[in-house]
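>>> Below is the structure, and that's it, no one-letter string:
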């Protein structure tokens, strides 16, 4: 999966790929910026590829690339879908880079980012997703589902019911990434977010990929989606120890 690309030299481009078996791979596509490049427009974000590479000391060389799936047709036409998809790709790169053994690959992360892009590219009359996830709130909710599931796979799942510090049963009204998620009145640290427990319930549904139930909640309480997104973003960036630029762009829209 093409995660991102950037120019290199006069006519080349570095392509960052997320692979199922080899983690993140950075390869150089020589001559790709020339008008008559044999790669055409295939080496772009939102494209799933079958590639042939020759390993090098620092970079592999991409010698052949065939499109398997293009996920960007509708993504690039709508700003909400586009920013959510960019945030998903950037987060996937950060999560893969944070892996202690990225060279061994991560089939889970690869599969989830492919599925997320497919969902973000779904037509608005699709039967594959609930109506609430095909509207304006949908892209953000689908992004949050990916982030929560990817963080759980990485071992960073937030506690969304029991207190993350002492284990006291919930629901609770405070959330802070420093303690691992939900916090009871006794354990909540300074600076904790005061939250509606229903927002944590929505996050639990998204983390479990219960999209139909999540869509039902969003139809009745769209405000919970914004809260869930802010908490998910805060938890991710706390554990990554750096900001995800595309998430900041989403907040400015």
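Looks like it came in fine. Here the structure is a predicted model, which is why all the values come from computation and not from measurement.

>>> What is the helix or strand encompassing residue 251 packed up against?
If you go by DSSP states H and E, residue 251 is part of helix 245-252. Here helix 245-252 touches helix 79-98, helix 222-240, going by 3 or more CB pairs under 8 Å, 6 or more residues apart in numbering; DSSP states H and E. Every C-beta, even on glycine, is put in place using the N, C-alpha and C of the backbone.

>>> Show residues contacting it.
83, 84, 86, 87, 89, 90, 91, 140, 233, 236, 237 (CB atoms under 8 Å, 6 or more residues apart in numbering).

>>> buried set for the longest strand anywhere in the chain?
Counting residues, the longest strand found in the chain (DSSP state E) is strand 60-70. Neighbour-count burial for strand 60-70, counted by 16 or more other CB atoms under 10 Å, picks out 60, 62, 65, 70.

>>> Let's have these in TSV, adding pLDDT.
Below are the buried residues of strand 60-70 laid out as TSV (pLDDT from 0 to 100):
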residue	pLDDT
60	83
62	84
65	81
70	90
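
>>> Using a markdown table, lay out those together with distance to residue 16.
Formatted as a markdown table, these follow (distance: CB to CB, whole Å):
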| residue | distance to residue 16 |
| --- | --- |
| 60 | 11 |
| 62 | 11 |
| 65 | 14 |
| 70 | 18 |
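
>>> per the record, what domains does this structure have?
2-71, 78-251 (the TED database).

>>> where do the helices sit along this structure?
79-98, 107-120, 138-154, 197-207, 211-220, 222-240, 245-252 (DSSP state H).

>>> Would you single out the least confident of those?
Note on the helices of the chain: helix 245-252 shows the lowest mean pLDDT, a mean of 83.

>>> Could you tell me the angle between that helix and helix 79-98?
150 degrees (axes from the mean of the first three to the mean of the last three CA atoms, to 10 degrees).

>>> Which residues lie in contact with the residue nearest to residue 246 when sequence neighbours are not counted in this structure?
Nearest residue to residue 246, sequence neighbours excluded (CB to CB, 6 or more residues apart in numbering): residue 87, at 3.9 Å. With contact taken as CB under 8 Å, 6+ apart, residue 87 is in contact with 143, 244, 246, 247, 249, 250.
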